[in-house]
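Colleague: Got a sequence here, can you build the structure:
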Amino acid sequence: STTGQHQDDAEEPLLKHDDGAKEAKEPRQRNINVHSAYLHVIGDSIQSIGVMVGGALIWYKPEWKIIDLICTLIFSVIVLFTTVRMVRNLLEVLMESTPREVDATRLEGGLLQMEGVVAVHELHIWAITVGKVLLACHVTIEQDADADQMLDKVIGYIKEEYNIGHVTIQIERE
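Modeller: The predicted model follows:
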């Protein structure tokens, strides 16, 4: 009978996947390529202005040739810092590391403090691009807890507290 089949389904672990399509309230993130192109254009513009100012000063006072060296050093340091930051962000994505802005221990602790949550395991948090974070985990709940309600509560907490838009939670019974 179909009623018996539905009762058996209630005993199986419940899996819910939510990509945030309904409640996408993420802050607008720039594509890493667009961001690096933007930095490149801004950097070139600032350097061009610096070269013109330095050239004008050297033209006005030829003995101030050191200004050329100082401008080159300043612009090199600026380019180095912006490039290092960009490369670090890209390496974090390529290595699938947990983004620095997400504290996995604190997130797990927050889930464990929820009424009805017994355990959290297989917690994985990673970024697929700069600014787009994904989370997947298993949450063990009390035997008498409502699985759908707990699922919505857990996903809501993760989205609200950590702004993670793509969340996959597997609910398991104690």
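
Colleague: which residues does Leu107 contact?
Modeller: By Cβ atoms under 8 Å, 6 or more residues apart in numbering, the contact set of Leu107 is 123, 125, 158, 161-162. Every C-beta, even on glycine, is put in place using the N, C-alpha and C of the backbone.

Colleague: Moving C-terminal from the host helix or strand of it, which element do we reach first?
Modeller: Secondary structure from DSSP states H and E places Leu107 in helix 104-112. The helix or strand immediately downstream of helix 104-112 is strand 117-129, counting by DSSP H and E.

Colleague: now the next helix or strand after that following strand: mean pLDDT?
Modeller: As assigned by DSSP H and E, the chain's next helix or strand after strand 117-129 is strand 132-141. For strand 132-141, mean pLDDT is 95.

Colleague: Hmm, Met114 and Ile141 touching each other?
Modeller: No: with contact defined as Cβ atoms under 8 Å, Ile141 does not reach Met114; the gap is 9.1 Å.

Colleague: the helices in this protein, which residues?
Modeller: Using DSSP state H, the helices of the chain run over 2-11, 32-60, 66-94, 104-112, 147-162.

Colleague: ok, Val133 to Gly109 distance?
Modeller: 18 Å (Cβ to Cβ, to the nearest Å).

Colleague: Which one of the two is surrounded by more residues?
Modeller: Between Val133 and Gly109, counting by other Cβ atoms under 10 Å, Val133 is the more crowded of the two (22 against 11).
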